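A.B. asks: sequence plus predicted model, see below.
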Amino acid sequence: MTGQLTATGQARRLDRRQLAWACGAVIFGGAPHMSAVTPWIPLCVLLIAIWRITAAARGWSLPSIWVRVPVTVAAFAGVAMSYHGVSGVEAGSALLLMMAGMKLLETRSERDRVLVVFIGYFLLFAVFLREQAIWSLGWLAGGALGVTAALAQSVRREDTLSPAAAIGISGKLLLRALPLALVLFLLFPRLPGPFIAVPSMQGGSISGLSDFMQPGDITNLGLSDEVAFRARFFGAAPSVKEMYWRGPVLDLFDGRRWSASPAPRAASPLRVEPRSTREFSYQIVLEPQGRRWLLALDTPVRWSAPRARLGPGIQLMSAEPVWERTAYRADSVPGGSVRTDEDPGNLQKITRLPPGRNPRTSEMAQRLRKQSSSDADFIANVLRFFQAAHFRYSLTPPPLGLHAVDDFLFTTREGFCEHYASSLAVMARAAGIPARVVIGYQGGEANPFSDYWIVRQANAHAWVEVWLSGAWQRIDPTTAVAPERIEDGVETALASSAAFSGRLWRSSQLVNRLVLSWDAANAAWDRWVLAFGPDTQTDLLLAIGFDIPRPVQLTLLAAVGMIACLLLMGLAARRRSRGGSDPAVALYSRFCGRLARVVRSRGPSETPTHYAAAVAAVRPDLAAVVSETTRVYLEARYGGDVPADTERRLGQLVRTFRPRRAPR
């Protein structure tokens with residue numbers, strides 16, 4: 001009777017410890033979500049885990065189904081009310097975390113504990129849906145280590161291991177699975193899977209792209225160090241002053257605001273001029289921006305982005321908004337080296353100006369047109385006007401009135417690129433020359449620790465395209481006022497300005513190098529992990545000697561790699577089962593061999609505990625020694641840091657074990 005009570009107490013103690021590890025799995029998996037979900041959710045889960053462990057320790061009964069169902073419904077409703085629904089990454093993560101807590105309220109058996117642990121795995125996977133930066137790998141690796149340790153503890157029949165031993169077993173399991181994961185990642189076929197600023201209530205803004213441009217509304221433009229995209233060139237790269245990254249094209253003007261035509265239409269066919277021999281090939285890793293446009297250098301002629309096309313204004317457009325980091329390749333030729341068959345009606349539309357707006361600008365443009373011998377000569381005269389009239393490049397221009405272009409050209413004469421681009425386009429239209437504004441980015445920063453360029457939101461820029469000699473020609477009026485802005489970057493042009501935001505780190509060479517080193521690490525993570533698509537996979541296979549494979553070949557190659565990994569893992573496991581380098585395994589194998597001669601062999605999937613029970617049922621006379629030998633073996637094999645006398649005890653039991661056949 002005392003033995004039964006002792007066994008029952010040990011079972012309860014084991015159950016409590018395993019339950020604590022299952023609660024730990026929820027904590028390990030949910031920790032990365034704690035700061036991203038509504039605070040009441042992690043608090044509820046934590047309180048439920050504490051209550052459940054306390055209930056197990058004190059022998060309290062678990063809530064009945066009449067309690068659990070209303071609580072679960074209330075939790076679901078709370079999440080839905082907090083997030084106005086249950087769809088989306090944040091709401092889905094919150095709901096999964098809450099349901100893990102609800103599952104703890106009915107955790108009784110090993111199966112229940114295992115289910116809780118697997119919810120911990122799903123919580124870990126959900127982290128990558130929200131955060132994919134390289135530092136999140138630390139969360140994922142640490143969480144996977146903890147959750148796997150909880151899984152190992154939850155299925156034990158004997159006493160739980162020490163935390164260090166459990167983590168050690170978890171690490172070994174994950175390391176053994178790593179080759180299989182790498183094979184699947186590398187070989188499984190891959191599927192091709194605002195402008196300058198947005199006005200704020202304070203009249204200030206952070207540089208970036210929007211889908212419109214309205215000079216005069218923003219009186220204080222900050223420069224953001226946020227990365228817009230990274231570009232890697234294959235072969236020759238253009239100079240910094242040639243790096244015009246094309247974004248939205250604005251061809252509608254209402255007297256103050258520039259915007260794009262609302263009606264979608266395909267671009268006119270492109271004809272590359274034979275004289276143009278320069279072509280740039282590159283890859284862009286574009287940060288999420290929630291818009292359909294894709295950035296491209298000058299004039300793109302080929303691209304790998306799926307479901308992308310050239311839209312109005314030779315603008316590369318995606319079929320869906322870019323909500324996640326996107327990688328694609330493109331080939332471009334310099335601006336002005338392609339010709340298009342533009343519709344005369346469309347060209348006429350691009351010369352229109354609203355009547356009665358900016359009259360002084362129209363008058364001056366018509367006067368300059370009469371003094372010019374050609375359209376190109378007129379553009380040159382306008383640029384000379386910008387150079388001679390003492391205009392100033394500034395991020396803190398004064399506000400402009402109803403006739404914004406008139407105010408800028410004849411009163412303030414102070415502004416940034418959108419002021420100059422808007423003024424040139426209006427003057428060209430007033431002279432009867434088709435003109436449109438292009439917004440995008442200009443320049444970039446080469447990372448000395450890698451072979452790519454960083455283009456930040458501070459590189460946002462605006463320029464003009466005019467129709468000259470049957471082709472769209474890029475004209476950048478900023479070069480007439482602040483050429484250093486194009487040649488050396490916006491920071492050089494505004495070295496004495498107080499308008500910088502977040503630029504202090506650039507004043508220290510050491511800090512600057514650390515920032516660029518970290519960015520290089522992030523770029524490698526983006527390229528080889530997050531943006532590992534068909535192009536990168538093909539490059540990798542070509543580098544190791546494979547021809548460009550088709551999807552069927554890739555599938556077969558992945559299958560062969562998986563089979564090879566599984567065979568190696570099986571051979572290693574068989575070697576360990578035969579003894580390998582573990583003395584305890586060797587002794588237990590000898591013990592099983594002796595039992596096989598007098599009772600039966602141990603099955604391939606039969607655990608030592610089940611095998612001992614089966615032998616005891618057939619040979620009660622051997623039950624005591626078989627049970628004791630099995631217990632000592634399990635302690636020596638899986639007990640972690642066990643005393644040396646445990647292994648000696650196992651050796652003594654095996655050496656003295658000389659069973660005889662049962663009498664007939």
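C.D. replies: That came through, no problem. Since we're looking at a predicted model, the values are computed, not measured.

A.B. asks: what comes up buried for stretch 283-293?
C.D. replies: Judged by neighbour count using 16 or more other C-beta atoms under 10 Å, the buried positions of stretch 283-293 are 283, 284, 285, 286, 287, 289, 291, 292, 293. (Glycine included, C-beta is placed from N, CA and C.)

A.B. asks: Throw those residues into a markdown table and include pLDDT, distance to residue 465 and secondary structure, thanks.
C.D. replies: Output for these, formatted as a markdown table (pLDDT from 0 to 100; distance: C-beta to C-beta, whole Å; DSSP: H, G, I helix; E, B strand; the rest coil):
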| residue | pLDDT | distance to residue 465 | secondary structure |
| --- | --- | --- | --- |
| 283 | 91 | 25 | strand |
| 284 | 91 | 21 | strand |
| 285 | 88 | 27 | strand |
| 286 | 89 | 22 | strand |
| 287 | 86 | 26 | coil |
| 289 | 84 | 22 | coil |
| 291 | 86 | 20 | coil |
| 292 | 87 | 20 | coil |
| 293 | 87 | 16 | strand |
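
A.B. asks: could you list the domains of the protein?
C.D. replies: Here the domain assignment for the chain is 2-156, 204-351+434-509, 578-655, based on automatic domain parsing.

A.B. asks: which of the ones you listed has the lowest average pLDDT?
C.D. replies: Ranked by mean pLDDT, the domains of the chain end with domain 204-351+434-509 at the bottom, a mean of 79.

A.B. asks: which residues of the stretch 551-664 of the chain fall in helices?
C.D. replies: Using DSSP state H, counting those that start in this stretch, the helices of the stretch 551-664 of the chain run over residues 551-577, 583-598, 608-618, 623-638, 644-655.

A.B. asks: alpha carbons of the fourth one, as PDB, please.
C.D. replies: C-alpha atoms of helix 623-638 as PDB (Å, rounded to 0.1, in the frame of the first residue of the first chain):
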ATOM      1  CA  ALA A 623       9.900  -9.000 -13.400                       C
ATOM      2  CA  ALA A 624      11.900  -7.500 -10.400                       C
ATOM      3  CA  VAL A 625      15.400  -7.700 -12.000                       C
ATOM      4  CA  VAL A 626      14.100  -6.600 -15.500                       C
ATOM      5  CA  SER A 627      12.300  -3.600 -13.900                       C
ATOM      6  CA  GLU A 628      15.300  -2.500 -11.900                       C
ATOM      7  CA  THR A 629      17.700  -2.900 -14.800                       C
ATOM      8  CA  THR A 630      15.400  -0.900 -17.100                       C
ATOM      9  CA  ARG A 631      15.000   1.900 -14.400                       C
ATOM     10  CA  VAL A 632      18.800   2.200 -13.900                       C
ATOM     11  CA  TYR A 633      19.400   2.200 -17.700                       C
ATOM     12  CA  LEU A 634      16.900   5.000 -18.300                       C
ATOM     13  CA  GLU A 635      18.500   7.000 -15.500                       C
ATOM     14  CA  ALA A 636      21.900   6.500 -16.900                       C
ATOM     15  CA  ARG A 637      20.900   7.100 -20.500                       C
ATOM     16  CA  TYR A 638      18.500  10.100 -20.100                       C
END
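
A.B. asks: show me what it is packed against.
C.D. replies: When contacts are defined as 3 or more C-beta pairs under 8 Å, 6 or more residues apart in numbering; DSSP states H and E, helix 623-638 packs onto helix 583-598, helix 608-618, helix 644-655.

A.B. asks: got the angle between that helix and helix 608-618?
C.D. replies: Angle, helix 623-638 to helix 608-618, by axes from the mean of the first three to the mean of the last three C-alpha atoms, to 10 degrees: 170 degrees.

A.B. asks: got a list of what the spatially closest residue to residue 466 that is not a sequence neighbour touches?
C.D. replies: Counting by C-beta to C-beta, 6 or more residues apart in numbering, residue 466 lies nearest to residue 435, which is 4.7 Å off, once chain neighbours are set aside. Neighbour list for residue 435: 350, 351, 424, 425, 428, 429, 464, 465, 466, 467 [criterion: C-beta atoms under 8 Å, 6 or more residues apart in numbering].

A.B. asks: the first one reaches residue 433, doesn't it?
C.D. replies: No. With contact taken as C-beta atoms under 8 Å, residue 350 and residue 433 are classed as non-touching, separated by 9.1 Å.

A.B. asks: find residues that contact each of the two.
C.D. replies: Contacts common to residue 350 and residue 433, judged by C-beta under 8 Å, 6+ apart, are residue 467.

A.B. asks: tilt between the one helix or strand residue 539 maps to and helix 551-577?
C.D. replies: Assigned by DSSP states H and E, residue 539 belongs to helix 534-543. Per the same axes, to 10 degrees, the angle that helix 534-543 makes with helix 551-577 is 70 degrees.
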